[in-house]
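Engineer: For reference, the sequence and a predicted model appear below.
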Protein chains: 2
Amino acid sequence: MGGLYFSFLIALLLSATVEASYCSNEGVQTVRNISELAQDNYGRPGLSHTTIAGSLLHGFKEVEVWLQTFAPGAHTPIHRHSCEEVFVVLKGTGTLYLATNSHTKYPGSPQEFPIFSNSTFHIPVNDAHQVRPLFFILVLLLT
Amino acid sequence: MGGLYFSFLIALLLSATVEASYCSNEGVQTVRNISELAQDNYGRPGLSHTTIAGSLLHGFKEVEVWLQTFAPGAHTPIHRHSCEEVFVVLKGTGTLYLATNSHTKYPGSPQEFPIFSNSTFHIPVNDAHQVRPLFFILVLLLT
C-alpha cells in the first residue's frame, strides 16, 4: 500500500519540472502545475487537499474542483451538504457509506458501496455520506 | 509515446474486474466503473469521449464531467461557447491556444501555452480556444 502511495507522489514531482505559463493580460497563471498548488489537511491527519479550481481563486459561481489524497486509515467525517458532489477515484480502494433517505433530520442506516481505481460516484444533495478509503486519490467536484 | 498510451489503457482494463454497485432505491448504478461507460468519438478520429457525469444521465443542471483521450495528432476544433471549462490533464503534453480577446465576433491571434501531465487550466466564457495534445488524457468539466 505504501509503495503505491509513493509512486504517485513521484509522478507529481516529475511533472513539477515543467514550467508553468502565465496569462499576461490578467497576471493570472493560465496553465497551473497541480503539484505546485497549495495543499492543506484542515487538521485531518492523512488528508492532503488541493483546490484545483475554486470560486475564490477563479471566480467560479457554481463549482469547485479538488484533488484529495487520503493516507491509509484516513477518511472523511460523516456529513451532508446542500450541494451535489461528483467523485472520480484516480487510484485506490475503499468504501462509500451513503444514507439515501437522509432528507429527514437523522439519516437512516447507510448503504455500503465498494469504491476502486477508475470509479466514479456522485452524492445527491443532503444525502449523508462518508468515504473511508483504504488508499485513495480523487478529484472531487462540488456543484 | 505509443507505450505511454497503452499503459494507461491497461490500467483501465485491470480496474474493470471490480464489480460495480447499484443503488436499490433508484435502480441507478451508484458506483460506476469508468472503463465500462459508453465511449464515442463523435466523428473525430483519435478522440475517445466518455461522459462521467452528465445532465441527462444524472440530472445535473450546471455541470458535466467528461474523460477525453486524444491519440497523437488528434485535437479539438477551434471553438468557443457560453460556459466555462476546467481541464485537468491526467497524462500527456500539448499546446493550448487561447484567444482571450475573443468577445468580439472574430477572435484575435491566440496565445500559446504548453500543457503537461498534472496540469490544469480553465477557459473563460466565450474565449476561443483549441487544445492540440501530443498525447493527452484529461477530465474536462463544463459549468
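Structural biologist: Here it is on my side, so go on. Numbers count the residues shown, from 1 in each chain, chains lettered A, B, ... in the order given.
Engineer: and A:Pro45, helix, strand or coil?
Structural biologist: For A:Pro45, the secondary structure call by DSSP: H, G, I helix; E, B strand; the rest coil comes out as coil.
Engineer: Wait, it touches A:Ala74, no?
Structural biologist: Yes - the pair formed by A:Pro45 and A:Ala74 meets the contact definition of CB atoms under 8 Å, at 6.6 Å. Where C-beta positions appear, they are placed from N, C-alpha and C, glycine not excepted.
Engineer: Tell me which of the two has more neighbours.
Structural biologist: Just comparing A:Pro45 and A:Ala74: by other CB atoms under 10 Å in any protein chain shown the higher neighbour count belongs to A:Ala74, 19 against 8.
Engineer: hang on, that one is in a strand, isn't it?
Structural biologist: No - assessed with three-state DSSP, A:Ala74 is coil; it does not lie in a strand.
Engineer: Next up, the contacts around it.
Structural biologist: Counting by CB atoms under 8 Å, 6 or more residues apart in numbering or on different chains, A:Ala74 touches A:Arg44, A:Pro45, A:Gly46, A:Leu47, A:Pro133.
Engineer: Look up the closest residue to the third one, ignoring the ones flanking it.
Structural biologist: I take that to be A:Gly46. Closest residue in space to A:Gly46, ignoring its immediate chain neighbours: A:Ala74 at 2.8 Å, by CB to CB, 6 or more residues apart in numbering or on different chains.
Engineer: is any part of the helix or strand hosting A:Phe113 close to chain B?
Structural biologist: A:Phe113 is located in strand A:111-115, with elements delineated by DSSP states H and E. Yes - counting by CB under 8 Å from any CB of the partner chain, chain B is contacted by strand A:111-115 at A:Gln111, A:Phe113, A:Pro114, A:Ile115.
Engineer: Isn't the third one up against B:Val31?
Structural biologist: This points to A:Pro114. Yes - with contacts counted by CB under 8 Å, A:Pro114 reaches B:Val31, the gap being 6.9 Å.
Engineer: Between the two, which is the more surrounded one?
Structural biologist: B:Val31 (23 against 14).
Engineer: Tell me which residues touch that one, please.
Structural biologist: Taking CB under 8 Å, 6+ apart, we find B:Val31 in contact with A:Leu96, A:Phe113, A:Pro114, A:Ile115, A:Phe116, A:Ser119, A:Thr120, A:Phe121, B:Ala20, B:Ser21.
Engineer: on that earlier part again, and the next helix or strand past the strand holding A:Phe113?
Structural biologist: For strand A:111-115, the following helix or strand on the C-terminal side (DSSP H and E) is strand A:119-123.
Engineer: In contact with A:Gln130, which residues?
Structural biologist: A:His75, A:Thr76, A:Pro77, A:Ile78, A:His79, A:Leu96, A:Tyr97, A:Pro110 are the contacts of A:Gln130 under CB under 8 Å, 6+ apart.
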